[in-house]
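Chemist: What follows is a protein structure lacking sequence information:
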């Protein structure tokens, strides 16, 4: 049982900061996703936790004590890469048993624990094979078994599912989650895929350009993104600038009443947003929060119809029921239920 | 060998496909026989001829085998006055030391060139290749004076250092392509699994690069083994190696003695080649130059 704290963690390459002043608390047994576009510093953060990279500033704490001076091999933080997974000259069993051998465990006990672990990842009987005789998914499972068999304090995964096809991803996701929960291991994984982060993690830490943007449970990123950039990263492009006065926001498309749950931004310029799936196409002229819009296109998606509408001078996406048929140029009313409206700080690109 | 592009298989009946593949297979068979023939003609036959020659007392044209046999050549070769064994020892010492030095100098360079991109990498590669283009003798001439001052002439260390000039490029060339195909992520994985740096090298790095390393060491050893001019220069004619004993016999000396010394000269190379042939086959990818994979 180990909790992990990252305190003012930073790493600079020359005068460029790959990670800057990162503060994050990860509870014991928790699974946290470090999410962000490539080059945002998430892998560097992972490497600093393992000790493969040295922090320029700040500290890494395992269970309350600093590990910055502890060499990688004695930290008990196992890292699993997305590729180059297995030692090519060793068999599957030798791969899985490697960590135990390094820990000085006897042959008999190693064999027993390797066998148990291979069973856990559904690879019993594969012990004598070489790495290149396995499929990508099997190699991934062996790598997972090799990491977990040593009962590490912290499990670190670098894009664990990136190289797998869609079906294998789902299986692996379940496997990683169930083993991690069973063993109660603190886990941190890096991904650029917001869906993967949402489905696998207890909490998400979102990073842009080396800086932590928002930390929270997955649904918070959909319902209450802090900035427009965060909302766009979670695939929402619905942003409407306006001026807030109390719980009314005046926009170019009309006035909107906002609920009480919105952030306390104070009066002044703000950006209004709402998820496409919470919006409704309404036929109640004069209804609360119903704004007039023009359809620019409508695409049938099977489970819903994706409707793009012109709202003031912005384009919004609405997920309408699949039965809805609309033509370009149709006039519609878009209803923004006030409990689903969220107000963003007015950051640059909104 | 560069890979030939695989022929695009047009969708169609299986018969058509096999017909298209047939000429290629025939070509491979033909190539294999040609290779075997070339090896027999250029390596095995001269070897047999050398062996016969070394036991010949009289062997005149047009006899296929010597007219009279004798052990005189071997008796002379084994005798102390020929200095064959003295020079054999020196050659071995120098070649082994050169290989060790190449390991120390070449491994870090090869790893840096194979795994990292940095400014001026092309320049470094070119400088490393220079000794292949410019004869090592040119460098040795300049170094000679420095070595005299340092007291390194006529020493095993001095000669080994000069042999390093032609040997290092080959060592680095082979090893950098090995490292280019090797992922440091494996070492990092091993570190996080509890292996310290020494054990990472022992259990992960070494097994992964061993076949390439063997080839590189073999190259280095053989380059040092066959050096002549640089050895004469830096060895001041005092430190005698096998080629220095052998070469005078090749021109106008006793042909039987030349044959027997030649056999001793090639013996280590042939032995090492046979011992490492399996690794050489597996390590065929290491011959690709500065790898870009």
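Modeler: Good, I have the coordinates. None of these values were measured; they are calculated from a predicted model.
Chemist: ok, now how distant is residue A:297 from chain B?
Modeler: Distance of residue A:297 to chain B, given as CB to the nearest CB, to the nearest Å: 38 Å. In short, each C-beta sits where N, CA and C put it, glycine included.
Chemist: Now do the same for that residue: helix, strand or coil?
Modeler: strand (DSSP: H, G, I helix; E, B strand; the rest coil).
Chemist: Mind listing the residues bridging to the spatially closest residue to it that is not a sequence neighbour?
Modeler: Nearest residue to residue A:297, sequence neighbours excluded (CB to CB, 6 or more residues apart in numbering or on different chains): residue A:308, at 4.9 Å. Legend: beta-bridge partners of residue A:308 under DSSP bridges are residue A:297, residue A:317.
Chemist: Count the neighbours of residue A:308 for me.
Modeler: By other CB atoms under 10 Å in any protein chain shown, 19 other residues sit near residue A:308.
Chemist: how near is the one residue in the stretch 251-350 of chain A that gets nearest to chain B to residue B:255?
Modeler: The minimum distance from the stretch 251-350 of chain A to chain B, using CB to the nearest CB, falls at residue A:302 (31.8 Å). To residue B:255, residue A:302 is 89 Å away according to CB to CB, to the nearest Å.
Chemist: name the element the closest residue to residue B:257 other than its chain neighbours belongs to?
Modeler: The shortest distance from residue B:257 to any non-neighbouring residue, by CB to CB, 6+ apart, is to residue B:73 (4.7 Å). Residue B:73 belongs to helix B:72-78 when elements are defined using DSSP states H and E.
Chemist: separation between the residue in the stretch 1-150 of chain B positioned nearest to chain A and residue A:43?
Modeler: Taking CB to the nearest CB, chain A has its nearest neighbour within the stretch 1-150 of chain B at residue B:115, 12.5 Å off. Distance of residue B:115 to residue A:43, computed by CB to CB: 17 Å.
Chemist: what about residue B:88, neighbour count?
Modeler: 19.
Chemist: my read: it touches residue B:267, true?
Modeler: No - Residue B:88 is not in contact with residue B:267 according to CB atoms under 8 Å; the separation is 9.5 Å.
Chemist: so where is the stretch 151-300 of chain A shaky, pLDDT-wise?
Modeler: For the stretch 151-300 of chain A, applying pLDDT under 70 flags no range at all.
Chemist: ranges for the helices of it?
Modeler: A:166-183, A:194-200, A:218-223, A:228-233 (DSSP state H, counting those that start in this stretch).
Chemist: nearest to residue B:33, of the ones you listed?
Modeler: helix A:166-183 (46.3 Å; CB to CB).
Chemist: Quick one: residues in contact with the closest one.
Modeler: A:29, A:31, A:120-121, A:136-137, A:140-141, A:144, A:148, A:151, A:155, A:157, A:160-161, A:164, A:187, A:196, A:199-200 (CB atoms under 8 Å, 6 or more residues apart in numbering or on different chains).
Chemist: Out of the residues you listed, list just those in strands.
Modeler: A:31, A:155, A:157, A:187 (DSSP state E).
Chemist: Please report how far the first one lies from chain B.
Modeler: From residue A:31 over to chain B the distance is 18 Å, taken as CB to the nearest CB.
Chemist: Could I get the contacting residues of that residue?
Modeler: Neighbours of residue A:31 in contact, by CB under 8 Å, 6+ apart: A:177, A:180, A:186, A:187, A:188, A:189, A:200, A:201, A:202, A:203.
Chemist: Quickly list what it is bridged to.
Modeler: Applying DSSP bridges, one finds that residue A:31 bridges with residue A:187.
Chemist: Alongside chain A, which residues does the stretch 151-293 of chain B contribute?
Modeler: Residues of the stretch 151-293 of chain B lying near chain A by CB under 8 Å from any CB of the partner chain: B:183, B:185-186, B:188-196, B:199, B:203-204, B:207-208.
Chemist: now with 6 Å?
Modeler: Residues of the stretch 151-293 of chain B found near chain A (CB under 6 Å from any CB of the partner chain) are B:183, B:185, B:186, B:188, B:191, B:192, B:193, B:194, B:195, B:196, B:204, B:207.
Chemist: any idea how far the fifth one is from residue A:72?
Modeler: When CB to CB is applied, the distance between residue B:191 and residue A:72 equals 4 Å.
Chemist: sorry, back to before: more neighbours: which of residue A:302 and residue B:255?
Modeler: residue B:255 (16 against 6).
Chemist: Without its sequence neighbours, what residue ends up closest to the more buried one?
Modeler: In space, residue B:255 is closest to residue B:53, 6.1 Å off (CB to CB, 6+ apart).
Chemist: and the one you found, that's in a strand?
Modeler: No - assignment of residue B:53 by three-state DSSP gives helix, placing it outside any strand.
Chemist: Could you pull up the residues touching the residue most central in space within chain A?
Modeler: Nearest to the geometric centre of chain A sits residue A:197, at 3.0 Å (CA atoms, centre = their mean). Taking CB atoms under 6 Å, 6 or more residues apart in numbering or on different chains, we find residue A:197 in contact with A:33, A:35, A:191, A:204.
Chemist: Tell me the spatial nearest neighbour of it, not counting adjacent residues.
Modeler: Residue A:197 sits nearest to residue A:33 (CB to CB, 6+ apart), 3.7 Å away.
Chemist: Can you tell me which of the contacts of helix A:166-183 are buried?
Modeler: Buried members of these, counted by 16 or more other CB atoms under 10 Å in any protein chain shown: A:29, A:31, A:120-121, A:137, A:140-141, A:144, A:148, A:155, A:157, A:160-161, A:164, A:187, A:196, A:200.
Chemist: Check the burial of residue B:254 by counting its neighbours.
Modeler: When neighbours are counted by other CB under 10 Å, residue B:254 comes out with 13.
Chemist: Same question for residue B:37.
Modeler: 10.
Chemist: Which helix or strand contains residue B:259?
Modeler: helix B:255-282.
Chemist: Grab the nearest non-local neighbour of residue A:296.
Modeler: With sequence-adjacent residues excluded and distances taken as CB to CB, 6+ apart, residue A:296 is closest to residue A:308, at 4.7 Å.
Chemist: Let me see the domain layout of the chain.
Modeler: Going with chain A. A:4-223, A:237-344 (automatic domain parsing).
Chemist: Chain B was what I was after
Modeler: B:14-54, B:73-288.
Chemist: among those domains, which gets the worst mean confidence?
Modeler: Of all the domains of chain B, mean pLDDT reaches its minimum on domain B:14-54 (a mean of 73).
Chemist: quick one on the thing from earlier: and which of the contacts of residue A:31 is nearest to chain B?
Modeler: Using CB to the nearest CB, the contacts of residue A:31 come closest to chain B at residue A:188, 12.7 Å.
Chemist: The closest one contacts residue A:158, doesn't it?
Modeler: No - in this structure, residue A:188 is not within contact of residue A:158 by CB atoms under 6 Å, at 9.9 Å.
Chemist: more neighbours, those two?
Modeler: residue A:188 (27 against 22).
Chemist: Looking at the ones in strands among the contacts of helix A:166-183, which two lie furthest apart in space?
Modeler: That would be A:31 and A:157, which, of the ones in strands among the contacts of helix A:166-183, are the farthest apart (CB to CB) at 9.6 Å.
Chemist: so how many other residues sit close to residue 167?
Modeler: By default, I'm working from chain A. 9.
Chemist: You answered for a different chain; I wanted chain B.
Modeler: 29.
Chemist: Nothing else from me, thank you.
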